[in-house]
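Q: I'd like to go over a predicted model; first the sequence, then the structure.
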Amino acid sequence: MKDLVEKKAANEVETEEGSITIEIVYRGIFQKTLAQRIARSIVLAARKRGHTGTAFGRYGDSPERNGVPAKYFAVVAINELELESSMAKYEPAVVDVSIVVDDTLVKGVESWAWYGRQPIWKPVRSDGFVVVTSEKTPDEVLAQTDAAERPYTLAVVPGLASFAGLWVFKDDHTDYRVLGALARLVPDWVRLEDVQALIREQTKEGSAADSAQHGFDATVVRAVAPGEGTSGHEVLQFDKPGWTTMRPGIIVDARKPGERNPYYKKYGARTLRPVVNFDTCIKCTMCWLDCPDECFEVTAEGHYEVVYEACIGCGICAAVCPVKDCIVMVDEMKFTDNKDTWALWKSDHDAYNRWFEEMAGVPADPKGVAARAADAPVGTPTVSHDAASGGDD
Amino acid sequence: MAIEPLASTTPQDLPQIKGVKDVPYDELFVSGHRTCQGCESALVMRHMVKASGPRTIVLGSTGCMYVANTTYYTTPWVVPWMHTQLGASGAAALGTAAGLKVLMRKGKLKDEKINVIAFCGDGGGADMGLGAISATLTHKDYDCLVLLYDNESYANTDIQLSSQTPYGAVTTFSPTGSEKRLMHTRWKKNMPGMMATGHPESRYIAAGCAAYAVDLMNKIRRALELGGPTFVHTLDPCPKGWDYHPQYSQELGHLAVETGIWTLYEVIDGVCNLTGPTRQIAEGRKKRKPVYEYLKRQGRFSHFADEDVEHFQATVDKMWEEWLIPGVIPFTIPQKDAGLLRIDKRAKPLHAEAKTA
């Protein structure tokens, strides 16, 4: 077992040529059906050419939580024997392709405390593929991805992250586009004609097969060399005591008063983060009071600053805040760290407000804007920057 | 092994909280738990220990708040916490309270007040643990609180039907289909009302919601302050099972109360006080919102036809227009017996002193 763990860490375990293992990394609950559909379709398409395969979720992800990263797998093999030899695993240690259906997941995957935060390419074999659905360019995606240890190919499938609930599926063709992209990257295992034939069986919607073609054509590919990527992410790994080294009764020490859980931070569950305008904050306490993840800390002035290491981006604070645009939820990909922003506001108001406007896309000083509007002649643009340029575009 | 002293030795003093500015800052349930985005039950846990203070032992029966909060190093608890079996929250609360009492009597523990709180979900409490909770509430010599956090399904195992699942809602066990639109047509069991009417010796039974945080914290405090076996039931919007965007958890909590679907009240020594907006609705100072406002925001009701909404509305109307105590006691008495009704003249509106948020 220990050998396997070490080999797993070094990714020395060779994948069998008679099979291919593909993982889908997704947001728990929100993309559960999407991941399941992609994995199943890979296997069904492979069967059309006489291959065999299986699709399965990672048992350890259950129970899934909204937003917390989870994994689904598809293993395709040339015959039953090869499939069985690739299948006798709880979780494939090495995969050939990792499909990431939300680009904010490239910042790292922290599914449980014992995994720590893992780089998105962690299980991908040397010269394997990381496929990301994103509106961003490969370089922009790579800038938020941990520096590579092995060469791999980054492929960006155009499209926004597709989120839905437990009971619904958002049929925006993300699955078809991803299958098309796979046909381009691993044609020996997934063929476009098989994918399109499968889609035509599954749906009468003519544009669905076109979406697969679009995924095939529009996917942008970039080779990633070792060392490329960012070194700015936190290393979040800890020594895990086994049951024999734990305290009697398998007691886990409680958190100390004032401490946060250092082993599991959960910010990897975040796709949007709250940005606070401290100038318009009325110190009403609602964000702090209603936060299910205790991520606000009160400052000496009575403001509530967000501890981004603890924030999972649910958006309750923005929803309960009584002041318009005081807390704005912003695309996580716009940020490169979890730094304390209140300190910047404290030391340099103007710099902070410029930063706030750039991130949030709304004026930091609405009163000032209103006052200027009152003075200005009718029809004059009152907001100096382009307020509409914020958000995700 | 010697029993180690707890981190803090703050004396037990749990006055009613006057408003949001009066809520204690100390966090005893900290960040780093593996709950969903927008998890209202996690907020209940946080408010529960915030209200009870550091001299508290928490026991958790199986459910989301066990699995998400304590699985191998995802623990957020600052106070001592122990797992107990799925239907055992009542028994664990009583046993722990009795154990502490004996240790103190024998001089093995300092004689002081230590709060014992056992929590359970709606599956663990209103289904499996009902008998044990009921038994616990009759043991009046032991001080313990059972808190039932109700997210209206077995949410931990991906949303199976419980006795607290509302009429018509989609769960894994009650999917909607073309042949049969509604697979679940039973009305939600009136858990706090049942506990209140069935256990006259329990000094405190309450129903709350974390969307009304101060009201909830005060209910926890009053339960612990009055002592004996007590029970608090909270309604927790669940983005995973109710199928809505996590940011609307508070809004749905407010709507559940404002539409009259969920009632906020407390029964202190046999006297029922309606609290928060529930009181305003009962007094006619606030108009009940249509239940559709609440239903339409949740994917689990998205299959509802007009007649389903009408049935839901009619049943909620009945709770308010026909029940003996609106939203609390479901039966009534004939007109000719109206003189039998006893009104407690001593009871003062205890919540007059504590403004709700």
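A: In hand now; what should we look at?

Q: pLDDT weak spots in chain A?
A: Along chain A, segments meeting pLDDT under 70 span A:1-16, A:88, A:368-393.

Q: Domain map for it?
A: In the assignment given by automatic domain parsing, the structural domains of chain A cover A:2-224, A:270-389.

Q: I'd like those domains as TSV, with mean neighbour count and distance to residue B:298 appended.
A: Yep, even glycine has a C-beta here, placed from its N, CA and C like the rest. Conversion of the domains of chain A to TSV gives the following (neighbours: other C-beta atoms under 10 Å in any protein chain shown; distance: least, C-beta to C-beta, whole Å):
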stretch	mean neighbour count	distance to residue B:298
domain A:2-224	20	10
domain A:270-389	18	15
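
Q: Tabulate those domains (JSON lines), appending distance to chain B.
A: Below are these laid out as JSON lines (distance: least, C-beta to the nearest C-beta, whole Å):
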{"stretch": "domain A:2-224", "distance to chain B": "4"}
{"stretch": "domain A:270-389", "distance to chain B": "3"}
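
Q: Output the ones you listed as JSON lines; include the columns distance to residue B:15.
A: Conversion of the domains of chain A to JSON lines gives the following (distance: least, C-beta to C-beta, whole Å):
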{"stretch": "domain A:2-224", "distance to residue B:15": "36"}
{"stretch": "domain A:270-389", "distance to residue B:15": "18"}
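
Q: Out of those, which gets nearest to residue A:263?
A: Among the domains of chain A, the nearest to residue A:263 by C-beta to C-beta is domain A:2-224 (4.7 Å).

Q: Now find how far off-centre the biggest strand by length in chain A is within its chain.
A: The strand that spans the most residues within chain A, counting by DSSP state E, is strand A:124-134. The offset between the C-alpha centroid of strand A:124-134 and the centroid of the whole chain comes to 14 Å, using C-alpha atoms, centre = their mean, to the nearest Å.

Q: Moving C-terminal from it, which element do we reach first?
A: Downstream of strand A:124-134, the first helix or strand assigned by DSSP states H and E is helix A:138-142.

Q: and that next one, C-alpha only, in CSV?
A: Listed next in CSV are the C-alpha coordinates belonging to helix A:138-142 (Å, rounded to 0.1, in the frame of the first residue of the first chain):
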residue,chain,number,x,y,z
PRO,A,138,-5.3,29.1,-22.1
ASP,A,139,-2.7,31.6,-20.8
GLU,A,140,-5.2,33.2,-18.5
VAL,A,141,-6.2,29.8,-17.2
LEU,A,142,-2.6,28.7,-16.8
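
Q: quick one: whichever helix or strand comes after it to strand A:124-134, angle?
A: Moving toward the C-terminus from helix A:138-142, the first helix or strand encountered (DSSP H and E) is strand A:152-158. Using axes from the mean of the first three to the mean of the last three C-alpha atoms, to 10 degrees, the direction of strand A:152-158 lies 20 degrees away from that of strand A:124-134.

Q: So what's the gap between stretch B:283-299 and the chain middle?
A: Here the centre of stretch B:283-299 is set off from its chain's centre by 20 Å, with C-alpha atoms, centre = their mean.

Q: Many thanks, have a good one.
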